[in-house]
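>>> No letters, just coordinates:
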């Protein structure tokens, strides 16, 4: 962007010429604020075009610090959408959409995500249907 000259060939700092359109300084500020707001509101994974890894059931999923990973909670009615376990030391919850939960690896270490059944009178073996997702962040 560069400054235009007004009719008297003096530098006019109030007008910026961009692509043939003349914007006042106030409009330019508004455009920059809008662009910055959109950039800040867009999740990092979307800006980088990153595809999150899928967290595998009953296996160890290895991530690097900064990686995104998605957990697909089974649609089976017996499972609660709650995400329990010891994962908060290495992961942070980034997004939740229906039964998909997206995490970001924030610290090296290990963790486990536990998805348990909804407890009712018909639940005989809780440990038989509890799902474990093991995480290693390096």
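Ah, there it is. Fair warning: this is a prediction, and the values are worked out from it, not measured in the lab.

>>> going forward, measure contacts and count neighbours with C-alpha atoms only.
Will do.

>>> quick one, helices of this structure?
Applying DSSP state H to the chain gives helices spanning 25-41, 44-48, 126-129.

>>> Quickly, which of these bottoms out on average pLDDT?
Ranked by mean pLDDT, the helices of the chain bottom out at helix 44-48, which scores a mean of 53.

>>> and residue 102, what is it in contact with?
If you count contacts by Cα atoms under 8 Å, 6 or more residues apart in numbering, residue 102 has them with 52, 68-71, 93-96.

>>> Report the buried members of the residues you listed.
The neighbour-count criterion (16 or more other Cα atoms under 10 Å) marks 68-71, 93 among these as buried.

>>> Strands - which of the contacts of residue 102 land there?
Of the contacts of residue 102, the ones assigned to strands by DSSP state E are 68-71, 93-96.

>>> circling back to that earlier point, now, which of the contacts of residue 102 sits nearest residue 129?
Looking at the contacts of residue 102 and their distance to residue 129, the nearest is residue 71, at 17.0 Å (Cα to Cα).

>>> and that closest one, what are its bridge partners?
Beta-bridge partners for residue 71, by DSSP bridges, are residue 101.

>>> same deal with residue 63?
residue 137.

>>> what's the pLDDT at it?
Model confidence at residue 63, expressed as pLDDT, equals 96.

>>> And for it, the neighbour number?
23 (other Cα atoms under 10 Å).

>>> Averaging pLDDT per element, find the lowest-scoring helix or strand in this protein.
Per-element confidence for the chain was summarised using mean pLDDT, DSSP states H and E. The lowest value among helices and strands belongs to strand 2-5, with a mean of 46.
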